[in-house]
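Could you work out the structure for the sequence below:
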Amino acid sequence: MKVSIITVAYNSDKTIEETLKSVANQTHSEIEHIIIDGKSTDQTLEIIKKYPHISKLVSEPDNGIYDAMQKGVKLATGDVIGVINSDDIFPTHTIIEEIAETFNVNPKIDIIYGNIKYFKNDDPNDITRHMTSVPYYDTYFEEGEVPPHESFYARKKVYDTTGEYDNSFKIVGDYDFMFRALKLHGFSSLFLKKTIVLMRVGGVSSSGLRSYVTTARELFRVWEKNGFKYPPSLFFYRLYKKIYQLIDKN
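Below is the predicted model of the structure:
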C-alpha cells in the first residue's frame, strides 16, 4: 500500500530537517513524500534537496496553508493520504507501517486517525499537551470531538468525494474537510489509540486566546456552510477539552 505524505513548508529551515529525517526513517517501503514549499527565502530548499527519498517538490507562492495542502493532494498517487507539518516529527520509525497495515486488514475502513502530542523547547520529551480523540459516533462533532488533522489518514477516494480544502478559512480548513468527510459524507473510520505525530507548540491553531476566538467564529461558519445547525454548547465543550488536555499530559 502506497502512503502519500504531504508536507507544507515556508521558511522552515530551523525545523524541516528533523521532519524530513522522520519520514526518511520510516520502515514502510511505499511512501510518497510530497513537499509543497511557498517559495521560501531561507535555506529550506537547500535542506530539502539533500533528501533523496522525496518524491515530488513544488516551490511557488500559494494562497495559504490549505491551498498548499490541496496542491499536495492533487499530486498524490498513494492509496492513502496524510500530512506532516514542516516542524513536526513521527514518534516512531514504524508508525506509517502500522497505519498501512491497519488499512490492509480493515478494507472497509476509509479513514484512520489517532492522537497527537505537543512539545516545546525543541524537546520531543517535553510534552505540554496530549490531544486525544475517541472512536467516531453520531454526536461526535456536537460534543467537541475532532480528529487531530495531523493524525488523519484517508483513502484517496475520501479526498476525491469530499472535495478540496476550503482556503477561505485561516485556521479550520482541516476541521471543515474532516467534518465533510465524516459527518456530511459518512465515510467509515477507525480510531487508532496511538500517538501518530509529535507537534511543536506554536502553530497557527495553537497560539493563544486570539486564535481560539477566531477558531470559534470559523467553526460556526463550517456548520452553517455544510447545512447543519451550530450547537451553542460546542464552545464550552471545546474549552473544557482543551483545558483537560493541557492538564492531562499522560
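
Next, the buried residues of the top helix by length along the chain.
Determined from DSSP state H, the single longest helix within the chain is helix 209-225. Buried residues in helix 209-225, counted by 16 or more other CB atoms under 10 Å: Tyr212, Thr214, Thr215, Ala216, Glu218, Leu219, Val222, Trp223. For glycine as for every other residue, the C-beta is placed from the backbone atoms N, C-alpha and C.

How about stretch 150-168?
150-156, 158-159, 162, 165-167.

Ok, stretch 100-108 next?
Going by neighbour count (16+ other CB under 10 Å), the buried part of stretch 100-108 is Ala100, Thr102, Phe103.

For Glu18, state which of the residues you listed is nearest.
Checking the buried residues of stretch 100-108 against Glu18 by CB to CB gives Ala100 as the nearest, at 22.4 Å.

The closest one - nearest residue in space that isn't next to it in sequence?
Met1 (4.6 Å; CB to CB, 6 or more residues apart in numbering).

quick one: contacts of the longest helix of the chain?
Contacts to helix 209-225, defined as CB atoms under 8 Å, 6 or more residues apart in numbering, come from residues 166, 169-172, 175-176, 179, 204-205, 229-231, 234-235, 238, 242.

Could you tell me which of those residues count as buried?
The neighbour count (16+ other CB under 10 Å) marks Asp166, Phe169, Lys170, Ile171, Val172, Tyr175, Asp176, Phe179, Ser205, Leu234, Phe235, Arg238 as buried among the contacts of helix 209-225.

Next, the contact list for the last one, please.
With contacts defined as CB under 8 Å, 6+ apart, Arg238 is in contact with Gly144, Ala216, Leu219.

quick one: contacts for the residue nearest to Ala100?
Contacts of Met1 (CB under 8 Å, 6+ apart): Glu30, Gly78, Asp79, Val80, Ala100, Phe103, Asn104.

Show me where the protein dips below the pLDDT cut-off.
202-210, 244, 246, 248-250 (pLDDT under 70).

Go again with 80.
When residues are selected by pLDDT under 80, those of the chain lie in 202-212, 235, 239-250.

Nearest to the middle of it, which residue? Look it up for me.
Glu150 (2.3 Å; CA atoms, centre = their mean).

Got the phi and psi for the residue lying closest to that one once chain neighbours are set aside?
For Glu150, ignoring the flanking residues on the chain, the nearest one in space by CB to CB, 6+ apart is Val197 at 4.3 Å. In terms of degrees, to the nearest 10, the main-chain angles of Val197 are phi -140, psi 150.

Count the neighbours of Asn11 for me.
If you count neighbours by other CB atoms under 10 Å, Asn11 ends up with 15.

For it, which residues are in contact?
Counting by CB under 8 Å, 6+ apart, Asn11 has contacts Ser40, Thr41, Asp42, Thr44.

Would you mind measuring from it to Ser40?
5 Å (CB to CB, to the nearest Å).

Touching both of those two, which residues are there?
Common neighbours of Asn11 and Ser40 (CB under 8 Å, 6+ apart) do not exist.

Show me where the chain has its strands.
Ranges of strands in the chain, per DSSP state E, are 3-9, 31-37, 54-59, 80-83, 111-119, 127-131, 153-155, 189-200.
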